[in-house]
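> Below: sequence and its predicted model.
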Amino acid sequence: MNGFEGGDGRYMEMTNGGTAVFVDVLMLAVSSLAREPWDFRFAALLTLQDQNVMGRGVVGFDLAQLDWGDTPQERAAAKDFLLRVLELALSRHRWEELTYEPPRAEGYLRTHPAMVRDFDPATATAGAGVLPAPDEAAMGLCVRHRVLDGLPFWEACVFCTAGV
């Protein structure tokens, strides 16, 4: 089992398959919306949730452990980006390109925004190092799948590592 924490005690537990689906649909949305440095760092964090590389049942993160930024404006922009990613994913953005129907994704995408909305980034303990550093941001693009890939960690996107 994998999990994502809201920092306020709320926890969203997912099966390995559910986590893979959640990461897939988030990568489709993140890749379409990423523009700022924090966005690409968050995309890199998503690539680190790839169970085909990291191992099944060992991924997840706590919102309180992310580096949301140093100023209230940076933290607000990061939180807004994450909420826009979740909203775009919930709209089934590019789901027709998936080789499967993501049955649980909609439920996860309805639960996670409330966790993000209710979370205060000013309370985060950014020293935890969960969010990849600026020089580890996901800047490479998988041309085949049109999503950000795992560089600098590995040379594949979440769809390539799944054999899609």
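Structure received. Residues are numbered from 1 along each chain as shown.

> Now do the SS call for the residue sitting nearest the centre point of the chain.
When the chain is reduced to its mean C-alpha position, the nearest residue by Cα atoms, centre = their mean turns out to be Leu46, at 3.9 Å. What DSSP: H, G, I helix; E, B strand; the rest coil gives for Leu46 is helix.

> which residues in this structure form helices?
With DSSP state H as the criterion, the chain has helices at 16-33, 37-47, 51-54, 72-90, 105-118, 158-161.

> ok, the residue nearest to the centre of the chain touching Val30?
Yes: counting by Cβ atoms under 8 Å, Val30 is a contact partner of Leu46 at 6.1 Å. Quick note: C-beta positions are derived from backbone N, CA and C, even for glycine.

> Pro132: which of the helices of the chain is closest?
Among the helices of the chain, the nearest to Pro132 by Cβ to Cβ is helix 37-47 (4.0 Å).

> quick one: that closest one to chain centroid distance?
7 Å (Cα atoms, centre = their mean, to the nearest Å).

> now the residue nearest to the centre of the chain: how far from Pro121?
18 Å (Cβ to Cβ, to the nearest Å).

> same deal with Val143?
34 Å.

> one step back: got any residues that touch both of Leu46 and Val30?
Common contacts of Leu46 and Val30 (Cβ atoms under 8 Å, 6 or more residues apart in numbering): none found.

> which stretches of the protein have low pLDDT?
The model of the chain has pLDDT under 70 over residues 1-14, 16, 52-55, 57-60, 126-129, 164.

> neighbour-wise, which of Val143 and Pro121 wins?
Pro121 (21 against 9; other Cβ atoms under 10 Å).

> Just list the residues touching that one, thanks.
Pro121 sits in contact with 63, 66, 68-69, 75-76, 78-79, where contact means Cβ under 8 Å, 6+ apart.

> cool, and Trp68?
38, 74-75, 78-79, 121-122, 124, 126.

> Out of the residues you listed, which is nearest to Cys160?
Trp38 (24.7 Å).

> What separation do you get for His30 and Thr125?
His isn't right for residue 30; it's Val. 23 Å.

> and what of Val25?
On the measure of Cβ to Cβ, Val25 and Thr125 end up 28 Å apart.

> ok so, going back, which one's more surrounded, Val30 and Thr125?
Val30 (27 against 12).
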